[in-house]
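Colleague: Quick one: sequence plus predicted model below, questions after.
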Amino acid sequence: MDVNVMMQYVTYGLALIGVLAFLVSIIVQVIKELPRLNQIPTSIVALATSLILCPMALVILCTYYKMVITWYYIIASVVAAFIVYLVATGGWEKVKSIWDRTKYKDSEGE
């Protein structure tokens, strides 16, 4: 595969993750004050929204491009849903703090 084509796909993928994270944030802000949902933590509502929105986006894209939906597309959309959830909730800071706590620190350099 050509590097230019690969970079174009990566760019489209990152843009799609950004758009989906924006949509998840908007949807969560709108629905988190509903009577039954205001007792559930916002992060769980965001995760559930992401797990619904990403496979739905996959189905829409496959329908638009007239592609057959295969099982690994579904698995990839569920994995992408967790990435979208992290982006939508600012979870990269959480992941970085976990990484900083667990990574090897050189005792001589400190």
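Modeller: Done, it's in. Since the structure is predicted, the reported quantities are computational estimates derived from the model, not experimental observations. Numbering: from 1, shown residues only.
Colleague: what pLDDT does Lys105 get?
Modeller: With respect to pLDDT, Lys105 scores 61.
Colleague: Kindly report the same for the one 4 residues further on.
Modeller: Per-residue confidence for Gly109 comes out at a pLDDT of 51.
Colleague: the bottom helix or strand of this protein by mean pLDDT?
Modeller: Here the helix or strand of the chain ranked lowest by mean pLDDT, DSSP states H and E is helix 92-102, holding a mean of 75.
Colleague: Would you map the helices across this protein?
Modeller: Secondary structure of the chain (DSSP state H): helices at 3-31, 42-64, 71-88, 92-102.
Colleague: In JSON lines: these, plus mean neighbour count.
Modeller: The way it works is simple: take the backbone N, C-alpha and C, and place the C-beta from them, glycine included. Output for the helices of the chain, formatted as JSON lines (neighbours: other CB atoms under 10 Å):
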{"stretch": "helix 3-31", "mean neighbour count": "13"}
{"stretch": "helix 42-64", "mean neighbour count": "17"}
{"stretch": "helix 71-88", "mean neighbour count": "17"}
{"stretch": "helix 92-102", "mean neighbour count": "10"}
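Colleague: roughly how far apart are the residue minimising distance to the centre of the chain and Ile52?
Modeller: Compute the mean C-alpha point of the chain, and by CA atoms, centre = their mean the closest residue is Val84, 1.3 Å away. Applying CB to CB, to the nearest Å, the value for Val84 to Ile52 is 11 Å.
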